[in-house]
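*Asks:* Coordinates for the following, if possible.
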Amino acid sequence: MDTSLAIPVAMLTAVVPRVNRCARHGLPPVKRTSFALQSRPKLDESNVALSGNVAATTGRLAEHAKKVKVTRITDWPLCASCARTRRWWLLVAAVFLWGGLALVAGAVVARIVNGQSAALAIPMIGGILLAIASPAPFVMGSIPRIIRSRTSDDGSAVVVRDPHPQFAAEVRAAFEQGTHHPA
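*Replies:* Numbering: from 1, shown residues only. Alright, predicted model coming up:
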């Protein structure tokens, strides 16, 4: 059963500031945040990008750039739990990246100071793996993933997947109020 809630982009500025509940938990917000969502348009041709032809790949990228829509959202409510989750994942991403780079740098310095050693491969490989893995927690801490939102394929609406009932009720009430009394 699809319980997604679509908020038309044209109504975002009228609806979102009136909503005082978190989309995921239905709790009062402790902060409001701004972010951008990007649509994922369907492309017409088959996947010619895999052909290895530079011209075809460039054409495909240009087609994508023409069709993609960016929706800027301001004052989106985040509850304490969502804000904490976001901080946690961004902290993990930073530790992975900077810790990984520190391990690599430490292994290089140890190699220069002490000479060649097979044991230096452990921090070197571990550091490289941590740095490579750092985008995963960064994505987990992204606002769209936390609030379970995306834009519609055509970019005309923001779709919140499985919103909390209190959030959905406030959005509907703000939407009705916005259509009767334009802001």
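
*Asks:* Now do the contacts for the residue nearest to I147 when sequence neighbours are not counted.
*Replies:* The shortest distance from I147 to any non-neighbouring residue, by C-beta to C-beta, 6 or more residues apart in numbering, is to A23 (4.6 Å). For glycine as for every other residue, the C-beta is placed from the backbone atoms N, C-alpha and C. Contact analysis of A23 by C-beta atoms under 8 Å, 6 or more residues apart in numbering lists W76, P77, I147, R148, S149, V160, P163, H164, F167.

*Asks:* which of those residues has the most neighbours?
*Replies:* I147 (26 neighbours; other C-beta atoms under 10 Å).

*Asks:* ok, it to A93 distance?
*Replies:* 18 Å (C-beta to C-beta, to the nearest Å).

*Asks:* Any idea how far apart the tips of stretch 135-146 sit?
*Replies:* Taking C-alpha to C-alpha, to the nearest Å, the first and last residues of stretch 135-146 lie 15 Å apart.

*Asks:* What residues of it count as buried?
*Replies:* Within stretch 135-146, the residues that qualify as buried are P137, F138, M140, G141, I143, P144, I146, counting by 16 or more other C-beta atoms under 10 Å.

*Asks:* And the contacts of it?
*Replies:* In contact with stretch 135-146 (C-beta under 8 Å, 6+ apart) are residues 24, 33, 35, 37, 76, 78, 82, 85-90, 92-93, 96, 149-150.

*Asks:* How are the strands of the chain distributed by residue range?
*Replies:* 5-8, 31-38, 70-78, 149-151, 157-160 (DSSP state E).

*Asks:* Residue ranges in this protein under the pLDDT threshold?
*Replies:* 1-2, 43-52, 178-183 (pLDDT under 70).

*Asks:* Give me the residue at the spatial middle of it.
*Replies:* The centroid of the chain falls nearest to S142 when counting by C-alpha atoms, centre = their mean (3.6 Å).

*Asks:* so how far is P163 from that residue?
*Replies:* From S142 to P163 the distance is 17 Å (C-beta to C-beta).

*Asks:* what's the answer for V139, then?
*Replies:* From V139 to P163 the distance is 21 Å (C-beta to C-beta).

*Asks:* coming back round to it: dump the strands of the chain to JSON lines, plus distance to A105.
*Replies:* Formatted as JSON lines, the strands of the chain follow (distance: least, C-beta to C-beta, whole Å):
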{"stretch": "strand 5-8", "distance to A105": "46"}
{"stretch": "strand 31-38", "distance to A105": "33"}
{"stretch": "strand 70-78", "distance to A105": "35"}
{"stretch": "strand 149-151", "distance to A105": "38"}
{"stretch": "strand 157-160", "distance to A105": "42"}
